[in-house]
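Asker: A structural model of the following input is requested.
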Amino acid sequence: MTRKELIHKARKFFHEQLRVADYIDVQAATENIRNNIPFRGPTIYILFVAIVIASVGLNVNSIPVIIGAMLISPLMSPIIGFGMALGINDPKLLVRSLKNLGIMFAISLIASTLYFLVTPLETDNPTELLARTNPSIYDVMIAFFGGLAGILELSRKEKGTVLSGVAIATALMPPLCTVGYGIANLNWHYAGGALYLFFINCVFIALATFIMVKFLDFPLVEEQETLSWRKTVSYGLLILVVLVPSVFSAYNIVRENEFAINARHFVKANQTIGGTYIYDYTTDMSVKPYTLTLRLAGETLSTENRARFYAEAEKHNIRHEQLVFEEDATIEVRRLNETEIMRDWLSSTEQQLRQRDDSIKSLHARIDAFEALQLPSAQIKAELLSQWPEIADVTLARSDSSVILLITPSSKVLSSENLKRIRNWLSVRLQEKNVEVIVR
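Answerer: Numbers count the residues shown, from 1 in each chain. Predicted coordinates:
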């Protein structure tokens, strides 16, 4: 097979694969789009209910609820109708589409505003609402390619599930609900950002529809005159006005993402410097320049280690002024030389010796007190036996309040007068006031 024949076969193959005329029903698509444009009767109630469901989903940060509401909503029809009206040069359809788009917008705004005025739920972390307040060029791409898929699906002879995916991807309803939230809470940042996102979706879905209608050769309703330079410039300016803010927003998103990645890599590579440890960090993209806050533990950051942090941050494209240190969990650790170490050791040893001397003195005092409580039992026994033959044996003891003398008499009985004399003698001998004498 020659090279020319191979190229011819390749062209034929790709032509057959990419050919769409055999799968498209332009007439049926046109009628279908025209019939779905009006907002009246059940369609209004369906839209109202879908808006309330989407508002609940945004309020509770539930993605499945939001997706369900987008599948219910009939929002895309007037926008596709507007794009098709431009493509087939149908002024009446253009007016009808804009009129119904306005009705759709008003109903959605009223429903979402009323919901957020009466709901008792407070959204602590409204991530799904915030996602609709900062549109970028990526939202433009989603709207444009979603619009291409939508008009292609509507033009196919055999319908699939593409429209459901387009409704979810382009997300016309959540921005309108977020506008209602902004109005209900007087949060014009939310309302303005979400309204801009809705405007992006409308313009670029309509633009994609216009391009595809021309590509699929939808029949013109009226013969179209060549566009004047003024109209061409006007359309170009409209698209430019919509595009420029989204490009800047996308640029900021890329910068924020790059800073977050640099911060993560920097912290991972420098978890510990010296005796200081990074236990947590946060990035703040709401200020210019962006800041990276490092929460430190361990030793207090020295001048040397602070300089090392700055040097390592520069390697990760994080400037000196973008670093913030929080040292609430750090402690100061002194670096001692040999003289200071010896001085501290001597001071510690002296303190230990002083404590030991105090302990010895305390023990001596306790021993003296204990000895003072001891009675000279043997001496008292000898003295008593020598003075009173009537006594065979004695036992001396101390109670809590007195001294007790237990006498064992011999065969002779001690008189009461002798017992009194013995008690008086013992009291003087031991210098104790309370003495008890007991005879066995």
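
Asker: Helices along the stretch 251-400 of the chain, start to end?
Answerer: When assigned using DSSP state H, counting those that start in this stretch, the helices of the stretch 251-400 of the chain occupy the ranges 303-315, 338-373, 377-387.

Asker: Could you list the low-pLDDT ranges of the stretch 151-300 of the chain?
Answerer: For the stretch 151-300 of the chain, the stretches with pLDDT under 70 are 160-161, 163, 222-236, 238-239, 242-243, 246, 250.

Asker: need the strands for it, in chain order.
Answerer: 272-273, 276-284, 291-299 (DSSP state E, counting those that start in this stretch).

Asker: Just want the angle from the second one to strand 291-299.
Answerer: With axes from the mean of the first three to the mean of the last three C-alpha atoms, to 10 degrees applied, the angle from strand 276-284 to strand 291-299 works out at 160 degrees.

Asker: Any buried residues in strand 276-284, and which?
Answerer: Neighbour counts over strand 276-284 (16 or more other C-beta atoms under 10 Å) mark 276, 278, 281, 283 as buried. Using the backbone N, CA and C atoms, a C-beta is placed for each residue, glycine as well.

Asker: Show me which of those residues is closest to residue 41.
Answerer: Of all these, residue 41 sits closest to residue 283, with 51.1 Å by C-beta to C-beta.

Asker: so that closest one touches residue 294, yeah?
Answerer: No - counting by C-beta atoms under 8 Å, residue 283 stays clear of residue 294, with 10.6 Å between them.

Asker: still on that earlier bit, export the strands of the stretch 151-300 of the chain as TSV, with columns for distance to residue 351.
Answerer: Listed next are the strands of the stretch 151-300 of the chain as TSV, based on distance: least, C-beta to C-beta, whole Å:
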stretch	distance to residue 351
strand 272-273	35
strand 276-284	32
strand 291-299	26
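
Asker: quick one, which of these is nearest to residue 207?
Answerer: strand 276-284 (36.1 Å).

Asker: Can you give me the domain boundaries for this protein?
Answerer: Under the assignment automatic domain parsing, the domains of the chain span 15-225, 257-331, 341-374, 377-439.

Asker: Need the ones you listed in TSV (columns: distance to residue 249).
Answerer: TSV is the format used below for these (distance: least, C-beta to C-beta, whole Å):
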stretch	distance to residue 249
domain 15-225	4
domain 257-331	13
domain 341-374	61
domain 377-439	91
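
Asker: and among the ones you listed, the most buried is which?
Answerer: domain 15-225 (a mean of 18; mean count of other C-beta atoms under 10 Å).

Asker: one step back: closest one to residue 166 among the helices of the stretch 251-400 of the chain?
Answerer: Distance to residue 166, taken as C-beta to C-beta, is lowest for helix 303-315 among those, at 44.5 Å.

Asker: mind checking how far the closest one is from the chain centre?
Answerer: On the basis of C-alpha atoms, centre = their mean, to the nearest Å, helix 303-315 sits 28 Å off its chain's mean C-alpha point.

Asker: And it, what does it pack against?
Answerer: The contact analysis (3 or more C-beta pairs under 8 Å, 6 or more residues apart in numbering; DSSP states H and E) places helix 303-315 against helix 229-269, strand 272-273, strand 323-331.

Asker: And for that helix, what's in contact with it?
Answerer: Here helix 303-315 makes contact (C-beta atoms under 8 Å, 6 or more residues apart in numbering) with 266, 269-270, 273-274, 276, 292, 294, 301, 319-320, 322-323, 325.

Asker: Averaged pLDDT, it. What do you get?
Answerer: Here helix 303-315 scores 86 as its mean pLDDT.

Asker: Surely residue 270 touches residue 278?
Answerer: Yes - the criterion here is C-beta under 8 Å, and residue 270 meets it with residue 278 at 7.1 Å.

Asker: How far does stretch 266-281 stretch from one end to the other?
Answerer: 11 Å (C-alpha to C-alpha, to the nearest Å).

Asker: mind checking which of the domains of the chain is nearest residue 8?
Answerer: Proximity to residue 8 (C-beta to C-beta) singles out domain 15-225 among the domains of the chain, at 10.5 Å.
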